[in-house]
Every structure is written in C-alpha cells, then in structure tokens.
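[1] pasting the structure only:
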C-alpha cells in the first residue's frame with residue numbers, strides 16, 4: 001500500500017470514530033499536554049486535571065489517559081476503537097500558585113464541551129489565558145500583611161503585637177516577591193523570609209511592645225505556611241494518586257522545615273527562648 005493510501009485509510013478511520021477531521025491525534029495530544037502542564041503548575045489537584053482533560057478529549061471524539069507525576073505528565077490520546085494513539089511526556093510549568101489561571105483553564109474545558117469549540121478556537125482562548133497578568137503585587141502584599149496580622153489577633157495577640165506582625169509580614173513578603181522574581185530557590189526564600197520576619201517580630205520583646213510579644217513572634221511567619229500543597233497532597237491521596245500525593249507532601253514538608261529553620265535562626269540570633 002502506498003503512503004497516500006495509508007494516509008487516506010487513516011483519515012477515514014478517524015472520521016468513522018467521530019474525531020474532527022481538521023485535527024489529528026498528535027495535535028490534540030500536544031495541546032492537552034500543554035494544557036495539563038499549565039493547569040497542574042497553577043495549583044490544580046490531580047482529580048480536577050483528569051476530569052478536565054477527559055472532558056476536552058471526549059468533546060473532540062477521542063479518549064485521553066494520563067500518568068500524573070510530581071514534575072511530569074505522561075499523556076496518551078487514542079481513538080475509541082483503539083486503532084490509533086499518540087503519546088507525549090511533558091514537564092509541568094514551575095510557577096507560583098495562580099488560582100485565576102486555574103479557574104479560567106477549568107472554565108475553558110467546559111466551554112469546549114458545551115459550546116463545541118474547535119481545537120483552534122480552544123488554543124486561541126488558551127493562549128490568552130496563560131498570558132493573564134498576575135494580580136497587583138502591592139495589593140497582594142498589603143492583603144497578605146493584613147491577613148497575617150488578623151491571625152495574630154485570632155491567636156489572642158494584643159494590638160501592639162498585631163502592628164508588629166503586620167510590619168514584619170510586610171517586609172518579609174516583599175522580600176519573598178523580590179527573590180521569587182529573581183528565580184531564587186524557593187527553599188532559600190523560605191529560610192531567609194522566615195529569618196527576617198522573626199527578627200522583626202522579636203522587637204516586640206526587646207522593646208516591650210504590648211503584653212503578647214510571644215504571639216507576635218509565633219505568628220510572624222504564618223504567611224509562609226504551605227497550606228495549598230498540603231491540601232492538594234491530601235486530595236490526591238484520597239483520589240488514588242499516591243505518587244503525586246507523596247511528592248507534594250514531601251515538598252510541603254521541606255518548605256515547612258525551611259520555615260522552621262529560619263524562625264529558629266531568628267530567635268537564636270535575638271536570644272529568645274523557644275520554650
């Protein structure tokens with residue numbers, strides 16, 4: 001059989017299985033892989049990723065199966081009759097957690113299924129989503145400082161401690177933004193930011209600000225607690241993604257240890273008792 005005949009027979013097989021004739025399995029697989037890398041990198045759970053990808057694949061007349069690893073995604077797209085398939089492995093995108101992009105990408109999967117978008121139309125929307133500008137960093141800085149100060153008040157800190165925590169969080173979080181923008185290793189970022197914030201919060205003890213300086217020191221580093229990685233690892237564990245769950249859990253534990261190391265270093269430098 002000539003190459004032309006093979007191509008024609010392959011096209012007819014794809015058409016019979018319901019896949020759109022203006023696309024190929026390779027194009028679908030490459031797009032779904034890129035979509036998955038961005039969705040997982042922005043902070044999605046594995047179960048959300050699976051549901052979104054399968055929804056999009058079925059809307060194009062094929063099926064998708066994937067193996068989700070902590071830093072890679074193994075994607076396979078195949079026809080319903082298993083007569084043809086395509087496999088691709090992609091690394092996840094290392095990026096800060098972004099639930100704006102996360103939400104928009106999830107909506108895109110529903111739009112593709114409900115509005116019957118073509119692959120080209122979906123790709124155009126996808127390119128616009130991943131270019132979404134981040135939230136105003138100064139607004140995020142202010143709100144994060146307010147939130148951490150509120151934690152201090154929640155843990156019975158007085159208003160002097162709340163003010164100290166607000167200031168220490170403001171400086172520590174700004175330092176985190178600067179170092180993250182310069183691609184500094186995230187573990188080093190956590191150590192340095194916790195160290196600086198704990199030193200600043202220790203001024204409540206040194207200068208006798210208020211009556212709860214210990215609360216100020218203890219809550220000054222709460223903005224660094226990796227809560228989302230812990231929650232995502234627990235979600236992955238419940239849904240049977242044990243490898244990804246373990247990887248996320250270990251990453252969260254490492255960040256927590258770095259936070260603790262910076263906190264202890266600051267307290268030792270300021271000669272504060274830990275117990």
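    Yep, it's here. Quick caveat: nothing in here was measured; it's all calculated off a predicted structure.
[2] can you show me the helices along this structure?
    With helices called from DSSP state H, the chain shows them at 3-16, 25-41, 46-59, 99-114, 119-130, 137-154, 159-181, 186-201, 203-206, 213-219, 227-238, 242-269.
[3] residues near residue 108, how many?
    By the criterion of other Cβ atoms under 10 Å, residue 108 has 20 neighbours. Every C-beta, even on glycine, is put in place using the N, C-alpha and C of the backbone.
[4] domains for the protein, by residue range?
    3-130, 137-269 (automatic domain parsing).
[5] go through the ones you listed and find the least confident stretch.
    Mean pLDDT is lowest for domain 3-130 among those, at a mean of 83.
[6] chain center to that one, what's the gap?
    19 Å (Cα atoms, centre = their mean, to the nearest Å).
[7] go on, stretch 247-266?
    17 Å.
[8] name the surrounding residues that touch it.
    Residues from elsewhere that reach stretch 247-266 (Cβ atoms under 8 Å, 6 or more residues apart in numbering): 69-71, 186-188, 190-199, 202, 221, 224-226, 229-230, 232-233, 236-237, 274.
[9] out of those residues, which end up buried?
    Among these, those scoring as buried are 69-70, 186, 190-199, 202, 221, 224, 226, 229-230, 232-233, 236-237 (criterion: 16 or more other Cβ atoms under 10 Å).
[10] who's in contact with residue 100?
    Going by Cβ under 8 Å, 6+ apart, residue 100 touches 132, 135.
[11] roughly how far does it sit from residue 107?
    Residue 100 sits at a distance of 11 Å from residue 107 (criterion: Cβ to Cβ, to the nearest Å).
[12] one more: residue 174?
    Distance from residue 174 to residue 107, by Cβ to Cβ: 32 Å.
[13] which one's more surrounded, these two?
    When residue 174 and residue 107 are compared for neighbours, residue 174 comes out ahead with 17 against 13, by other Cβ under 10 Å.
[14] and the domains of the chain, which is most packed in?
    Greatest average neighbour count among these goes to domain 137-269 (a mean of 19), per mean count of other Cβ atoms under 10 Å.
[15] now that domain, how far from the centre of its chain.
    18 Å.
[16] from one end of that domain to the other, what's the distance?
    Domain 137-269 has an end-to-end distance of 30 Å (Cα to Cα, to the nearest Å).
[17] ok, now stretch 179-193?
    Counting by Cα to Cα, you get 10 Å between the two ends of stretch 179-193.
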